[in-house]
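**Q** Sequence and predicted model, in that order:
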Amino acid sequence: MTPSAEMPRGAAWIPHGYHLDAHSHTHGQLVYAAAGAFATTTERGTWIAPANRVTWTPPGFGHSHRFSGRTDVRLLGIPLDMCDELTAYPGVFEVSPQLREALLAWTDRPEFRPGADRRLLTVVVDELAEAPEPSLHLPEPRDDRLRAVTALLHADPGRTATLAASPPARSPVTPMSTRTPG
């Protein structure tokens, strides 16, 4: 069987605010926003992915997604035998121009020649194995005041308001400003 027969893949426009509840997969998963942005949340934290980033979730990790703005989302299942080439933990990676084109091609069309999907997926994995892992990860805090702030971000990752602009009652971290996070 080819990866296209075994692994989920696809493209769809997702409306602003759509939330996909926690779930997991027996395969790896890449999610890419060709337009818009989304957040992937696991027990380890939240990864923000604008259109120049792709999220990676290894097999077995429970995760959820929340979309900000109308999002052109691309989904790629990664076969187990290729997952070891990527990190063993969830993350977000920069998308090079070549990676972007490979992601779009893999999700926009059916396999046109036997083995073509596997070769294209190998390019995707090779590009990710070399891609920098930028700091777009928000670890889950232990402090209740910081959890209130992350709840705001989970609810609306595209939120542009700052804590300084928030009313004092909505700014739970002000008393903590001289201590370390967490």
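**A** Nice, I can see it.
**Q** all strands of this structure, in order?
**A** 9-14, 19-23, 28-42, 45-49, 53-57, 63-78, 91-94, 137-139 (DSSP state E).
**Q** List of residues touching the fifth one?
**A** With contacts defined as Cβ atoms under 8 Å, 6 or more residues apart in numbering, strand 53-57 is touched by 25, 28-33, 38, 40, 42, 47, 49, 63, 86-87, 90-95, 99, 103, 128, 134, 136. To be clear about C-beta, it is placed using only N, CA and C from the backbone, and glycine gets the same treatment.
**Q** same deal with the second one?
**A** Residues external to strand 19-23 that are found in contact with it (Cβ under 8 Å, 6+ apart): 62-67.
**Q** What is the nearest of the residues you listed to residue 81?
**A** residue 63 (21.2 Å; Cβ to Cβ).
**Q** hang on, that closest one packs against residue 42?
**A** Yes: applying Cβ atoms under 8 Å as the test, residue 63 and residue 42 come out as touching, 4.7 Å apart.
**Q** Between the two, tell me which one has more neighbours.
**A** Remark: of residue 63 and residue 42, residue 63 carries more neighbours, 23 against 19, as counted by other Cβ atoms under 10 Å.
**Q** contacting residues for the more buried one?
**A** Contacts of residue 63 by Cβ under 8 Å, 6+ apart are 22-24, 29, 40-42, 57, 90.
**Q** where does the protein have low pLDDT?
**A** Residue ranges of the chain with pLDDT under 70: 1-6, 133-139, 154, 157-160, 163-182.
**Q** Recalculate using a threshold of 90.
**A** Across the chain, the ranges flagged by pLDDT under 90 are 1-9, 42-48, 51, 87, 89, 91, 106, 108-118, 129-182.
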